[in-house]
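Engineer: sequence plus predicted model, see below.
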Amino acid sequence: MGPGAVVVGLTAAAMAVVTLLAVQAEGARSDTAARPAASGSTAPSPSTGPAPTAPALPASSGTGYRVVYSIGARRVWLVDPNKDQQIQASFAVTPGSVEPTPGSYSVYSRAATGKGTDGRQIEHVVRFTQQSGVVFGFSAALDGATPPADTKVHTGGIRTARADGQLMWDFAPTGTRVVVTG
């Protein structure tokens, strides 16, 4: 058997392995999407842009460069009116046990990492207001957890998926307007 035959055989075997792995990965992805996470968490799934089925931007969300958080829709929109596609991203979020009062705020503090009120390690923390001793801001838990439904602890952390947390971090430096709607 010549060297050419060996190369052809190895190439065919490699292609078969790659195809098998691709089929297994596709099966695992659809299986994972069909069942809830093992932790029981309902973490929002990441989004790299506005989904075609995402709710429309609330009419009362103001104008200009801003982050819009709808309490009722449990959704965030990153809006840049200077872009052809003004809505840069839109994604679902999971609020804490307390909600901020609807209104207009500004990002006043950011932290790359930290610890949430629920004790979880978090990243991409973008804080925009404090009300009655509760700090409100967006963050992503490193383990993907969402705030507990425990109302004994007042948590104002609004959790995003990790990829969405990165989008928020990149979009909203200190001073960025945050509009909270009902």
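Structural biologist: Received it, and whenever you're ready, just let me know what you need.

Engineer: grab the nearest non-local neighbour of Trp169.
Structural biologist: His124 (4.0 Å; CB to CB, 6 or more residues apart in numbering). For the C-beta atoms, the positions are set from N, CA and C on the backbone; glycine is no exception.

Engineer: OK, contacts around the one you found?
Structural biologist: With contacts defined as CB atoms under 8 Å, 6 or more residues apart in numbering, His124 is in contact with Ala112, Phe138, Ser139, Ala140, Thr160, Arg162, Gly165, Gln166, Met168, Trp169.

Engineer: which two of those residues have the greatest separation?
Structural biologist: Greatest spacing in the contacts of His124, by CB to CB: Ala112 and Thr160 (14.8 Å).

Engineer: who has more neighbours, those two?
Structural biologist: Thr160 (29 against 9; other CB atoms under 10 Å).

Engineer: contacting residues for that one?
Structural biologist: Thr160 neighbours (CB under 8 Å, 6+ apart): Pro44, Val76, Phe91, Val93, His124, Phe138, Ser139, Ala140, Met168.

Engineer: and what of Arg110?
Structural biologist: Here Arg110 is in contact with Val125, Val126, Arg127, Trp169, Ala172, Pro173, Thr174 (criterion: CB under 8 Å, 6+ apart).

Engineer: these in helices, which ones?
Structural biologist: Among the contacts of Arg110, the members falling in helices (DSSP state H) are Trp169.

Engineer: closest to Val68 among the contacts of Arg110?
Structural biologist: Nearest to Val68 among these, with distances taken as CB to CB, is Ala172, at 11.2 Å.

Engineer: next one: Ser109 from Phe128, what distance?
Structural biologist: Using CB to CB, to the nearest Å, Ser109 is found at 9 Å from Phe128.

Engineer: okay, buried residues for the longest strand belonging to the chain please.
Structural biologist: Under DSSP state E, the strand in the chain containing the largest number of residues is strand 121-131. Buried residues in strand 121-131, defined by neighbour count with 16 or more other CB atoms under 10 Å: Ile122, Glu123, His124, Val125, Val126, Arg127, Phe128, Thr129.

Engineer: who's in contact with the fifth one?
Structural biologist: Right, the one you point to is Val126. Contacts of Val126 by CB under 8 Å, 6+ apart are Val107, Arg110, Gly137, Phe138, Ser139, Met168, Trp169, Ala172.

Engineer: swap the cut-off to 6 Å and go again
Structural biologist: Val107, Arg110, Gly137, Phe138, Met168, Ala172 (CB atoms under 6 Å, 6 or more residues apart in numbering).

Engineer: I'd like those residues as JSON lines, with distance to Pro58 and pLDDT appended.
Structural biologist: Shown next, in JSON lines, are those (distance: CB to CB, whole Å; pLDDT from 0 to 100):
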{"residue": "Val107", "distance to Pro58": "19", "pLDDT": "98"}
{"residue": "Arg110", "distance to Pro58": "24", "pLDDT": "97"}
{"residue": "Gly137", "distance to Pro58": "20", "pLDDT": "95"}
{"residue": "Phe138", "distance to Pro58": "17", "pLDDT": "96"}
{"residue": "Met168", "distance to Pro58": "18", "pLDDT": "96"}
{"residue": "Ala172", "distance to Pro58": "18", "pLDDT": "97"}
